[in-house]
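1. Test case, fold it:
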Amino acid sequence: MRLEATARNLTPGRVGLLVGLLAVPLGLASVMLSPLAAAALLVAGISAVFVVLYPRAETTLLLLFLVMQDPLQILVGGVSPAALYIKRADEFFILAVAAGCLCLPAVRHCFVQRRLYLPMALCYAGLLASTLLAPRPFVTVAIDAVLFSKPLLMLAIGFSLATASASLERLLPRVLALLTSVLLTSLVFIWMPELQSQYLGQVSRVGERVGMQVAQGIFINPGTYAFFAVATFCIAYAAYLTYSRTSYLVYAGIAAACVVITWRRKSILAVALVFAVSLLAARARGSRQRAWLLSGVALLLVVTILAPYLQALTSKTIEEYGSSDPYATSRSALYYTSMRIARDHFPLGSGFASFGSHASRLDYSPVYREYGLSGLYGLSPMSPFHIADTFWPMVLGQGGVLVLLAYLAFLFLLGNTALHSVLAAPASRARAYLALVSLLLLVGAFVESMASQLYNSSLQAALLFVPVGIYWRDRFDS
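-> Coordinates of the predicted model:
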């Protein structure tokens, strides 16, 4: 059943009943908890009603909010209470929209296809078992569970967005124009660096690498901008290989240039691997020729114009991670310690909110003291800035080998299905595009996840899993 038909079948009486049921916890929260809790429930209630009536509009509103969340936070003061509410509003918004999407039978059906639910069910089982053996405060466990669930929530939102070939081809130029306009904000700040400092204020500082200011545009964290650029490149590059339009090539070129001027190693590597995968995945003769030609041009730029800067990045990487001491940097310490935790708790881990996660920083986990990390800069109670800098150490440390293998199986299932669809040469160009862009996004995101909590971050997870969800729905609807 189409989503629009579902919306039409809702009678005013049913909507009124839904609003009434939502008003009860809202009223109780206002009296018993706090205005903040009431406001959160109000947002959730309105969103739930909105998504049932107009699912596409609600999803569009959510995605636009995620893009504009950082500017909104800065607009209201950056570090003020209102800014904190905006900073935390995305989780409530996502939960409300995804909950409405999960009410749709077609969305639930998508999770059943190829038993997609199974690896994530194993992840939750392993994490819950680990948590029961080493309990942590309920609130921090709940926060960590919500953050860990973002891939599933974003997939559910993507599953709700069935699309036809004509609507996809009409939507693509608009989406790419919006994404590219966000990326181009970085050029203004690079041209006038003092504006970047004024814009960020007390929230963050301007980054610098290889002696140059890094691009971060309207975002607070340069890493967010970097993956935004990688995702835009994947979306535009897949569109060019599929539809052969020059405008898509221009968008892809702008996005690739924006990735380079972030000077982030994993992001540049992600684009390089996307190029490599496109060479292997392109089936049509024209697409394969375009992929080889563009890869050759990119290689020529690397060995000529970009060579000195990439050499400096390589030297910096060797300097940071070339030490034999696993505690030389925060990230290497997290990777090394996660393996120790997995060994000590085999086959489980230390549980939710205990290691490498944002929640383990909110209520400082005793695991860091137990494994001698509490004295390291970036991981100590006084400077926990780097605790959530990686993803896979969190998965291995908190869930153990069982959860690590299950999460990898989840990503492999998505990627392998997309790869098979690409190689099978789908009947329509729209279907071929959805498969290719899903594959490229999964590859780029996997590289980024080595040094960031990409899968747990709202905007990054949306850029990855919403398109993948749209592909999955289209794949099994057909």
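
2. per-domain residue ranges of the protein.
-> Using automatic domain parsing, the domains assigned to the chain come out as 3-103, 118-163+327-478, 206-322.

3. In this structure, where is pLDDT below threshold?
-> Low-confidence segments of the chain, defined by pLDDT under 70, span residues 1-56, 164-166, 210, 282-295, 297-323, 478.

4. The stretch 201-350 of the chain: helices as residue ranges?
-> Taking DSSP state H, counting those that start in this stretch as the test, the helices found in the stretch 201-350 of the chain are 222-243, 246-260, 265-281, 285-303, 307-321, 330-344.

5. Regarding this structure, what is its longest helix?
-> Identified as the longest helix of the chain according to DSSP state H is helix 392-423.

6. returning to what we had before: please indicate which of the domains of the chain has the most neighbours on average?
-> When neighbours are counted by mean count of other CB atoms under 10 Å, the highest per-stretch mean among the domains of the chain falls to domain 118-163+327-478, a mean of 21. The way it works is simple: take the backbone N, C-alpha and C, and place the C-beta from them, glycine included.

7. From the chain's centroid, how far away is that domain?
-> Shown here is domain 118-163+327-478, whose average C-alpha point lies 10 Å from the average C-alpha point of the whole chain (CA atoms, centre = their mean, to the nearest Å).

8. and what of stretch 63-73?
-> Between the mean C-alpha position of stretch 63-73 and that of its chain there is a distance of 14 Å (CA atoms, centre = their mean).

9. Then stretch 168-176?
-> Here the centre of mass of C-alpha atoms in stretch 168-176, compared against the chain's by CA atoms, centre = their mean, lies 21 Å away.

10. Please export the alpha-carbon coordinates of it; CSV is fine.
-> Written as CSV, here are the backbone C-alpha positions of stretch 168-176 (Å, rounded to 0.1, in the frame of the first residue of the first chain):
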residue,chain,number,x,y,z
LEU,A,168,13.9,10.6,-8.8
GLU,A,169,15.2,12.1,-12.0
ARG,A,170,13.3,15.3,-11.2
LEU,A,171,14.5,15.4,-7.6
LEU,A,172,18.2,14.7,-8.2
PRO,A,173,19.2,18.2,-9.6
ARG,A,174,17.4,19.9,-6.7
VAL,A,175,19.1,17.8,-4.1
LEU,A,176,22.6,18.2,-5.6
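
11. Please point out which parts of that stretch sit buried.
-> Residues of stretch 168-176 classed as buried: L168, E169, L172, V175, L176 (neighbour count, 16 or more other CB atoms under 10 Å).

12. Could you work out the end-to-end span of stretch 192-208 for me?
-> End-to-end distance of stretch 192-208 (CA to CA, to the nearest Å): 14 Å.

13. A83 reaches P71, doesn't it?
-> No. Checked against CB atoms under 8 Å, the pair A83 and P71 is beyond contact range at 11.1 Å.

14. picking up where we left off before, which strands or helices does the longest helix of the chain pack on?
-> For helix 392-423, the contact count by 3 or more CB pairs under 8 Å, 6 or more residues apart in numbering; DSSP states H and E identifies helix 117-133, helix 265-281, helix 330-344, helix 429-448, helix 458-477 as packing neighbours.

15. As a markdown table, those helices with distance to A229 would be great.
-> As requested, these are arranged in a markdown table below (distance: least, CB to CB, whole Å):
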| stretch | distance to A229 |
| --- | --- |
| helix 117-133 | 28 |
| helix 265-281 | 7 |
| helix 330-344 | 22 |
| helix 429-448 | 10 |
| helix 458-477 | 10 |
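
16. Can you say which of the ones you listed is nearest to D90?
-> Evaluated with CB to CB, these place helix 458-477 nearest to D90, the distance being 4.3 Å.

17. Quick one: list the elements packing against the closest one.
-> Using 3+ CB pairs under 8 Å, 6+ apart: helix 458-477 touches helix 55-75, helix 81-102, helix 105-112, helix 150-159, helix 222-243, helix 392-423, helix 429-448.

18. picking up where we left off before, nearest approach to L66 belongs to which of the helices and strands packed on helix 392-423?
-> Ranking the helices and strands packed on helix 392-423 by distance to L66, with CB to CB as the measure, places helix 458-477 first at 4.4 Å.

19. quick one, that closest one and helix 429-448 angle?
-> An angle of 140 degrees separates the directions of helix 458-477 and helix 429-448 when computed by axes from the mean of the first three to the mean of the last three CA atoms, to 10 degrees.

20. between helix 458-477 and helix 105-112, how many degrees?
-> Between helix 458-477 and helix 105-112, the angle comes out at 90 degrees (the same axes, to 10 degrees).

21. Mind listing residues that contact stretch 373-381?
-> By CB atoms under 8 Å, 6 or more residues apart in numbering, the list of residues contacting stretch 373-381 from outside reads 327, 330, 333-334, 337, 364, 368, 383-387, 389.

22. Sorry, slip of the keys, the one I care about is stretch 244-260.
-> Residues external to stretch 244-260 that are found in contact with it (CB under 8 Å, 6+ apart): 172-173, 176, 179-180, 183-184, 186, 215, 225-226, 229-230, 232-233, 236-237, 239-240, 267-268, 270-271, 286, 290, 294, 298, 306.

23. Please verify my assumption that D144 contacts S350.
-> No. Using CB under 8 Å, D144 is not in contact with S350; the gap is 11.6 Å.

24. Find the residues that touch each one of those two.
-> Both D144 and S350 are in contact with Q398, where contact means CB under 8 Å, 6+ apart.

25. Can you pull the phi/psi pair for the closest residue to S197 other than its chain neighbours?
-> The spatially closest residue to S197, leaving aside those adjacent along the chain, is V206, at 5.6 Å (CB to CB, 6 or more residues apart in numbering). As for V206, its main-chain torsions (degrees, to the nearest 10) stand at phi -70, psi 130.

26. quick one, what contacts V206?
-> V206 is in contact with P193, Q196, S197, L200, Q213, V214, Q216, counting by CB under 8 Å, 6+ apart.

27. could I get the domains of the chain as TSV with distance to H109?
-> Written out in TSV, the entries for the domains of the chain read as follows (distance: least, CB to CB, whole Å):
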stretch	distance to H109
domain 3-103	11
domain 118-163+327-478	8
domain 206-322	26
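
28. which pair in the contacts of stretch 373-381 spans the largest distance?
-> In terms of CB to CB, the contacts of stretch 373-381 reach their longest pairwise distance at Y327 and Y364, which sit 18.4 Å apart.

29. Okay, buried residues for stretch 183-194 please.
-> Along stretch 183-194, the positions that meet the burial threshold by neighbour count (16+ other CB under 10 Å) are L183, T185, S186, F189, I190.

30. Tell me which of those residues fall in helices.
-> Judged by DSSP H, those include L183, T185, S186, F189, I190 as members of helices.
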